[in-house]
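J.: Build the 3D model from these lines:
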Amino acid sequence: MRFHTRKWVKPEDLNANGTLFGGKLLAWIDEEAALYSIVQLENPKVVTKFMSEINFMSAAKQGDIVEIGLDVVHFGKSSLVLKCEVRNMMTREKIITIDNITMVNLGEDGKPKPHGKTQIEFIEDRLKK
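T.: Below you'll find the model as predicted:
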């Protein structure tokens, strides 16, 4: 799993229990999945279609730094399936796991469009071409 983004848990991110609000964390994950997919599929028109069961394993509190990790599970015809793990950067304790986030590549008409990708590409490799 590659951890791409770090977020600092601030007072405005907390719920009534004084821990990271789940909705805020899911918004961070959705944004990270979209950005990752946009880069992989080389298309700014990518949307979230599906998120599987979300497993909250521990809480994050104010001042914690969390890391969001993503891995590709599968390249579909017009989709990209990711898995996600969020962990506390300092303790490495898992905060949340999601086994399936399906992102769909869209064409100009807003409908699913084949992307032609079959494996992860890194930007530095594209620059060498």
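J.: looking at the sheet around residue 14, what are its partners?
T.: residue 20 (DSSP bridges).
J.: Now for it, how many residues are close by?
T.: Residues lying near residue 14 (other CB atoms under 10 Å) number 16. No exception for glycine: its C-beta is placed from N, CA and C like everyone else's.
J.: Equivalent analysis for the one 3 residues further on, please.
T.: Residues contacting residue 17 under the criterion other CB under 10 Å number 9.
J.: Report the spatially nearest residue to it, omitting neighbours in sequence.
T.: Closest residue to residue 17 apart from its sequence neighbours, by CB to CB, 6 or more residues apart in numbering: residue 59 at 7.8 Å.
J.: With just CA atoms, put the longest helix seen in the chain into CSV.
T.: Ranked by number of residues, the top helix in the chain under DSSP state H is helix 22-41. Output in CSV follows, covering the C-alpha atoms of helix 22-41 (Å, rounded to 0.1, in the frame of the first residue of the first chain):
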residue,chain,number,x,y,z
GLY,A,22,-16.3,9.8,10.0
GLY,A,23,-17.9,12.0,7.3
LYS,A,24,-14.8,14.2,7.2
LEU,A,25,-12.6,11.2,6.8
LEU,A,26,-14.7,9.7,4.1
ALA,A,27,-14.6,13.1,2.2
TRP,A,28,-10.8,13.0,2.4
ILE,A,29,-10.8,9.4,1.1
ASP,A,30,-13.2,10.2,-1.7
GLU,A,31,-11.0,13.1,-2.8
GLU,A,32,-7.8,11.1,-2.6
ALA,A,33,-9.4,8.3,-4.7
ALA,A,34,-10.6,10.8,-7.3
LEU,A,35,-7.2,12.4,-7.6
TYR,A,36,-5.4,9.1,-7.8
SER,A,37,-7.8,7.9,-10.5
ILE,A,38,-7.5,11.1,-12.5
VAL,A,39,-3.7,10.7,-12.6
GLN,A,40,-3.8,7.0,-13.4
LEU,A,41,-6.5,7.3,-16.1
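J.: dump the residue contacts of residue 86.
T.: Neighbour list for residue 86: 25, 28-29, 66-69, 94-97 [criterion: CB atoms under 8 Å, 6 or more residues apart in numbering].
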